[in-house]
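J.: no sequence for this one, just the structure:
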């Protein structure tokens, strides 16, 4: 039986950009478990690898951001994703040319520390069909289940930071 919460990890800067430029509509990738390593060994949740496990993602992003690791592959991946979001918001008319230039310049100039993680705690109740199962070929492991939510409002989740 699925639990009442879903978990996602995103950089603080992404949260702020979605609120400032993206109309407050968060597009997230999430999991039914915070830590797949703590799941029962025969559970499908145990097959979620570190690249999709919220606990591992949080710890890795936090470590890279705290050390201001300018060579972090994870921060680079998150940076590329945020750039793509800015371009999409511009193409969709959500932001004008000046907003796009400002957003891209900010991404280029911001210190690695701004990429530190937030853990999103998302109540499953009320999501209904908005909770989309990721096809097996797009998951980090086809055995584990991952989800996407394309239109999550900030009032529908809590974002926390911890040590």
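T.: Perfect, thanks for sending it. This one's a predicted model, so the numbers in the text were calculated from it and none came from an experiment.
J.: What segments of the chain are helices?
T.: 12-20, 54-66, 73-91, 97-109 (DSSP state H).
J.: Which strands or helices does the third one pack on?
T.: With contacts defined as 3 or more Cβ pairs under 8 Å, 6 or more residues apart in numbering; DSSP states H and E, the packing partners of helix 73-91 are strand 5-11, helix 12-20, helix 54-66, helix 97-109. The way it works is simple: take the backbone N, C-alpha and C, and place the C-beta from them, glycine included.
J.: same thing but at 10 Å, please
T.: Using 3 or more Cβ pairs under 10 Å, 6 or more residues apart in numbering; DSSP states H and E as the contact test, the elements touching helix 73-91 are strand 5-11, helix 12-20, strand 25-31, helix 54-66, helix 97-109.
J.: Kindly provide the distance from the residue in the chain sticking out farthest from the centre to residue 143.
T.: Relative to the mean C-alpha coordinate of the chain, counting by Cα atoms, centre = their mean, the farthest residue is residue 42 (26.5 Å). Distance from residue 42 to residue 143, counting by Cβ to Cβ, to the nearest Å: 11 Å.
J.: Pull up the gap between residue 44 and residue 89, please.
T.: 35 Å.
J.: More neighbours: these two, which one.
T.: Neighbour count, other Cβ atoms under 10 Å: between residue 44 and residue 89, residue 89 has more, with 20 against 15.
J.: that older thread, which one of the helices of the chain lies nearest to residue 122?
T.: Ranking the helices of the chain by proximity to residue 122 (Cβ to Cβ) places helix 54-66 first, at 10.9 Å.
J.: Setting aside sequence neighbours, what's the nearest residue to residue 140?
T.: residue 52 (3.8 Å; Cβ to Cβ, 6 or more residues apart in numbering).
J.: just residue 17 next, same as before
T.: Residue 17 sits nearest to residue 82 (Cβ to Cβ, 6+ apart), 6.1 Å away.
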